[in-house]
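Visitor: Based on what follows, work out the 3D shape:
(chains A and B)
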Amino acid sequence: MEKENEPPVSDRKKFDYYAEIEEPLNEPMQLKIDKIKAAAASGKILYLSAFEKNASVSEIKAKYAGLAPGEKSDEIYKLAGRIMIFRVHGKATFCDLKDADDKIQLYLNIKNTGEDKYNEFLELDIGDWIGVEGSVFVTHKGELSINVSDYKLLSKSIRIMPEKWHGLKDVEIRYRQRYLDFIVNPEIKKVFMIRIKTIDAIRQFLNSRGFLEVETPMLQPIPGGATAKPFVTHHNALDIDMYLRIAPELYLKRLLVGGFERVYEINRNFRNEGISHKHNPEFTMVEFYQAFADYNDLMILTEELFKYTAMQATGTMDFKYRDNKISFSGKWEKISMLDAIEKYSGISFSFDMNILEMKNIAGKLGVEISENFGKGKIINEVFEKTVEPCLIQPTFIKDYPIEISPLARKHPENANLTERFELFVGGEEVANAFSELIDPKDQMARFSKQAESSDEEERITGKIDLDFIKALEYGMPPAAGEGIGIDRLVMILTDSRSIRDVILFPLMKPEKE
RNA sequence: GGGCCGUUAGCUCAGCAGGUAGAGCACCGGACUUUUAAUCCGGGUGUCGAAGGUUCGACUCCUUCACGGCUCACCA
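Guide: Sure, this is the predicted structure:
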C-alpha cells in the first residue's frame, strides 16, 4: 500500500489528494477535478450537509399520474437525487433525476432560472447529487417533469458513470462495486427487495406462531451443529483461538434446555469451503426450534411458511427457475428417501442388503463410492445422483440414514434411519429439518464417532462440545428443528443463476495492486 | 482443486497471416427554448490484465502469473 513517492508525514498537509486518485487519470476525470479545484478556490461548497426535501419522485408520479400534456401544478416541490443524463437544447435543458425509488425528468429554461443559474447548471456533471425546487408539468410528448426554478449542488461526483444505454455488464465490477450496479442497473433492486421482503415475511410468520427471535454466538470456542470447515480467528486478551460459527444449532438447543419453547435466529453462518455459484463463504440461514414437535409437524409448518413467504415477497406462488416452472401451490409431496430412489431409478434399496451388493448397484449408476462408505452414505450418494435433479416441484424427502445425520433422532421403526427431512425445490436443497436428538448418551456416542472419523473434515468439526452434552444432561424437551438457506430460497424466488446475484456484497478475491 | 473460456478507452464492444489500435456512449469545443439512447458539426482521450520468451518488430504467437465466468468435484 505504501507508495515510494509518498511524502513524509510532516508534509501530508500539502499532499495533493486529487493527484493521487488514479494513475493515469483519464481526461474527463481530470477536467472534473479541475472544475472542482476551481470551484473550491472560489469558495464554493461542493458537499452540503443537508437538504430539506418535501417529496419523493414516486410520490410526485403517483399524485400527478392523471396530468395531461400542457397541464401543470401550482405547488412547488423540493426533490433531491442524482443526475443521470443531460439533454441540452440551447436555452432549455432536460435532465433525469434519480432518487431512491424512481427517476423523473427535470426541465430548465433560461427564462425561468435566469442566465447565471442556467449556465451554472450546465456545469454540473452526470453523477452529481442535487436538490431542486420547481412545479410539476407534463411536456408535449407526455412526460411528467419538474419545471425547475432553483437548484443546489449537494454532492459532487468525481468519477465517470458507466454507460447510460448498455449499463454495467462486467459481473466482476458489478459484484465488487455493487453501488455502481444499483445506480446503473436499477432492475437489480427488485431482486434485493424480494430478499428483504423474504426475510421480513419469515420473521412475521415465525413471530405469529409464537417463535422468539434470539441471537446466539457467532464467535464460538467450538464450532458445531454441522459438518464443515470453520474460519479460525484469535482472541488476543484471552489468547485463545475462536471460530466463526458454522451453525447456531447447539446454542438454540441450549435455549430449549433453558425452557424456551419456540426460538429462531436469522443470521449468517460461515463455512471455510469452496466458492461456487451456489456457495458463498458467509450465507444466511433461518434456523428454528419448536419444543414438543416432531419432523411431521415441521413439514406442515414449512409448507405454510414457504407459501406465506412467497406471496408476501413476490405476490405469486408460481415461478420460473432456470428452465423450469415451479409452483408452490397445491399440496407438496412427501416421500421417504428409499421410496424416492425406487420411484425415480427403480432400485429397491434396503438395509438388509449386502453392502457389496449396494456398492455394485451404485457403481453401475456411475456413483463414486469410497472404501469407507457405509450403507447409509451409499444410499445418500445414489439419492443425490438419481433423485435430486428430478425434484423440481417442492418435495419433502424424509427418513434419512442415521450415518449422515449425527444430530437427528432415530426413526422408531428403523434404527438405520432418522426422523429427518429435507425440502427440495428446483432440484436443490433449501431446507433441512429433523426431530432432535435429546438423549445425551446417544448424542455423545454420535459425536465420538464423528471425532474418530477417517474423514479429516468431520474430525475438525467433531471437537466435542461437552458443555452442550452437559446441557442435554439437564434435560432437553422433545423438539424438532429446521434450517432454511435464505440465499437459496431467494435465488428461486428471483430466478437468479448465482448466489452472488442475491448477496449485496459477495466475497471476491481482493484485487492486487 | 481440475477442465474450458474471457480480460482492448471511464462504460459497452470491434480489431490484427505479427507492422504498437477503432466504433458507440461518456467527455471537450460549437449550434440548438418541449427533448427523452435528443439531433447536427468538429475533437480519440489507450501501460491492448501482468511478467517473461520467440521475432527486425508482439495487442496479436508461446510460457508463467493475476482476476473473473462457466463447468466438474465438496459443501447449504
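
Visitor: contacting residues for the closest residue to A:S405 other than its chain neighbours?
Guide: Distances taken as CB to CB, 6 or more residues apart in numbering put A:T418 closest to A:S405, at 4.3 Å, once the chain neighbours are dropped. Any C-beta I mention is one placed from the backbone N, CA and C, and that applies to glycine too. Applying CB atoms under 8 Å, 6 or more residues apart in numbering, we find A:T418 in contact with A:D399, A:Y400, A:P401, A:I402, A:S405, A:A408, A:R409, A:K410, A:H411, A:F434, A:S435.

Visitor: Kindly provide the distance from the closest residue to the fourth one other than its chain neighbours to RNA strand B.
Guide: Of all residues not flanking A:I402 in the chain, A:T418 sits nearest, at 5.1 Å (CB to CB, 6+ apart). From A:T418 over to RNA strand B the distance is 14 Å, taken as CB to the nearest atom of the strand, to the nearest Å.

Visitor: And the pLDDT for A:T418?
Guide: A:T418 carries a pLDDT value of 94.

Visitor: what are the bridge partners for it, then?
Guide: A:K410 (DSSP bridges).

Visitor: do the same with the one 4 residues further on
Guide: Under the criterion DSSP bridges, A:E422 forms beta bridges with A:I397, A:N432.

Visitor: Which residues are in contact with it?
Guide: A:E422 neighbours (CB under 8 Å, 6+ apart): A:F396, A:I397, A:Y400, A:E429, A:A431, A:N432, A:A433.

Visitor: what does A:T198 give?
Guide: By CB under 8 Å, 6+ apart, the residues touching A:T198 are A:T309, A:Q312, A:A313, A:I486, A:L489, A:V490, A:L493.

Visitor: Make TSV out of these and add secondary structure.
Guide: As requested, the contacts of A:T198 are exported to TSV (DSSP: H, G, I helix; E, B strand; the rest coil):
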residue	secondary structure
A:T309	helix
A:Q312	helix
A:A313	helix
A:I486	helix
A:L489	helix
A:V490	helix
A:L493	helix
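
Visitor: which of the residues you listed has the most neighbours?
Guide: A:L489 (28 neighbours; other CB atoms under 10 Å).

Visitor: Quick check, A:H277 in contact with A:I499.
Guide: Yes. The pair A:H277 / A:I499 is scored as a contact, 6.2 Å apart, by CB atoms under 8 Å.

Visitor: more neighbours, those two?
Guide: Neighbours per residue (other CB under 10 Å) separate A:H277 from A:I499, with A:I499 holding more: 20 against 12.

Visitor: Contacts only, for that one.
Guide: By CB under 8 Å, 6+ apart, the contact list for A:I499 reads A:S276, A:H277, A:K278, A:H279, A:N280, A:F283, A:D487, A:R488, A:M491, A:P506.

Visitor: confidence score at the nearest residue to the first one once chain neighbours are set aside?
Guide: Looking back up the chat, that one is A:S276. Spatial nearest neighbour of A:S276, excluding adjacent residues (CB to CB, 6+ apart): A:I499 at 7.9 Å. A:I499 is assigned 94 on the pLDDT scale.

Visitor: sorry, back to before: pLDDT and distance to RNA strand B for the contacts of A:T198 - can I get that in TSV?
Guide: Listed next are the contacts of A:T198 as TSV, based on pLDDT from 0 to 100; distance: CB to the nearest atom of the strand, whole Å:
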residue	pLDDT	distance to RNA strand B
A:T309	97	17
A:Q312	97	22
A:A313	97	19
A:I486	96	9
A:L489	95	10
A:V490	95	11
A:L493	95	15
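
Visitor: Can you name the two of those residues that sit furthest apart?
Guide: A:Q312 and A:I486 (13.8 Å; CB to CB).

Visitor: which stretches of chain A have low pLDDT?
Guide: The model of chain A has pLDDT under 70 over residues A:1-15, A:22-24, A:453-462, A:512-513.

Visitor: Backbone dihedrals for whatever residue of the stretch 201-350 of chain A ends up closest to RNA strand B, please?
Guide: Here the stretch 201-350 of chain A gets closest to RNA strand B at one residue, A:F283, 3.2 Å apart by CB to the nearest atom of the strand. Phi and psi for A:F283, reported as degrees, to the nearest 10, are phi -140, psi 160.

Visitor: next one: A:Y295
Guide: Note on A:Y295: its backbone torsions stand at phi -70, psi -20 [degrees, to the nearest 10].

Visitor: Now for A:K169, how many residues are close by?
Guide: Neighbours of A:K169 (other CB under 10 Å): 11.

Visitor: go on, A:F292?
Guide: Residues near A:F292, counting by other CB under 10 Å, number 11.

Visitor: Looking at chain A, which strand is longest?
Guide: The strand that spans the most residues within chain A, counting by DSSP state E, is strand A:72-89.

Visitor: strands paired with the helix or strand just after it, and their directions?
Guide: Going down the chain from strand A:72-89, the next helix or strand is strand A:92-98, by DSSP states H and E. Using DSSP bridges, strand A:92-98 pairs in its sheet with strand A:72-89 (antiparallel), strand A:103-109 (antiparallel).

Visitor: Pick the most buried one from these.
Guide: Ranked by mean neighbour count, the strands paired with strand A:92-98 are led by strand A:103-109 with a mean of 19 (mean count of other CB atoms under 10 Å).

Visitor: And the contacts of the helix or strand just after it?
Guide: Per DSSP H and E, strand A:103-109 leads on to helix A:110-113 as the next helix or strand towards the C-terminus. For helix A:110-113, the external contacting residues (CB under 8 Å, 6+ apart) are A:K91, A:A92, A:Y118, A:F121, A:N147, A:V148, A:S149, A:D150.

Visitor: following helix A:110-113, which helix or strand comes up?
Guide: helix A:115-121.

Visitor: Next, the angle strand A:92-98 makes with the next helix or strand after that next one.
Guide: Heading C-terminal from helix A:115-121, the first helix or strand you meet, by DSSP H and E, is strand A:129-138. Put simply, strand A:129-138 runs at 110 degrees to strand A:92-98, going by axes from the mean of the first three to the mean of the last three CA atoms, to 10 degrees.
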